[in-house]
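S.K.: pasting the sequence and the predicted coordinates here, then a few questions.
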Amino acid sequence: AQSVTQPDIHITVSEGASLELRCNYSYGATPYLFWYVQSPGQGLQLLLKYFSGDTLVQGIKGFEAEFKRSQSSFNLRKPSVHWSDAAEYFCAVGAGDYKLSFGAGTTVTVRA
Amino acid sequence: DAGVIQSPRHEVTEMGQEVTLRCKPISGHNSLFWYRQTMMRGLELLIYFNNNVPIDDSGMPEDRFSAKMPNASFSTLKIQPSEPRDSAVYFCASSLFGGTGANVLTFGAGSRLTVL
């Protein structure tokens, strides 16, 4: 079965600084990879997804992620964070069936 | 599209009471999922419906939990009797899933349940 690890529980970043959230997955074949964001009191919103092709994928809100097969990683990046990016971020992996395995999440705090 | 709609957004009840959570999936989606989110266990899949039929209910904690999907536009998750350990945020999600390939979930805003 597939699994996901998000090594960072909490990250604090200054507004305007760059952000990188780490995600490592475990799966034998090419996975389907997702990043979701959850703002306080809200549901999970899809930021971006990777299925195949170009390993650098662009998402909403200025986020991008890069799939690196050799490192089993799918890290999320944003060049310049805004206060509104404060939220919890979840990486998820699918194996081609209906199940998604979600990571434990990384909480991002943005300081002024 | 209004997205996945869940109600109620917040529910506070006393131990032993029946709780019913409701979900309206996105029109045209054929798959519906109920998840539970807690600090301790993260996001857990409770049950998966495809074309209104329960496919996988292995995540349902115990017999106190039941879920139904009487038609393509409505699902309920019921807890009877409720216990304090059921306190969590319950999410409904839907997708158009063909059986294999990528399953792209759209989540509702969640129902926050507090059992006193």
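M.R.: Looks like it arrived, so ask away.
S.K.: list the residues that contact the spatially closest residue to B:Gly42 that is not a sequence neighbour.
M.R.: Excluding the flanking residues, the one nearest B:Gly42 by Cβ to Cβ, 6 or more residues apart in numbering or on different chains is A:Ala104, at 5.2 Å. (Each C-beta comes from the backbone N, C-alpha and C, glycine too.) Residues in contact with A:Ala104 (Cβ atoms under 8 Å, 6 or more residues apart in numbering or on different chains) are A:Gln6, A:Ile9, B:Gly42.
S.K.: for these, give me a markdown table that also has neighbour count.
M.R.: Shown next, in a markdown table, are the contacts of A:Ala104 (neighbours: other Cβ atoms under 10 Å in any protein chain shown):
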| residue | neighbour count |
| --- | --- |
| A:Gln6 | 18 |
| A:Ile9 | 9 |
| B:Gly42 | 14 |
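S.K.: which of those lies closest to A:Asn75?
M.R.: A:Gln6 (10.1 Å; Cβ to Cβ).
S.K.: distance of the nearest residue in space to the closest one that is not next to it in sequence from A:Thr55?
M.R.: Spatial nearest neighbour of A:Gln6, excluding adjacent residues (Cβ to Cβ, 6+ apart): A:Gly103 at 3.8 Å. Going from A:Gly103 to A:Thr55 by Cβ to Cβ, to the nearest Å gives 19 Å.
S.K.: who has more neighbours out of the two?
M.R.: Neighbours around A:Gly103 and A:Thr55, counted as other Cβ atoms under 10 Å in any protein chain shown, are more numerous at A:Gly103. The numbers are 24 against 12.
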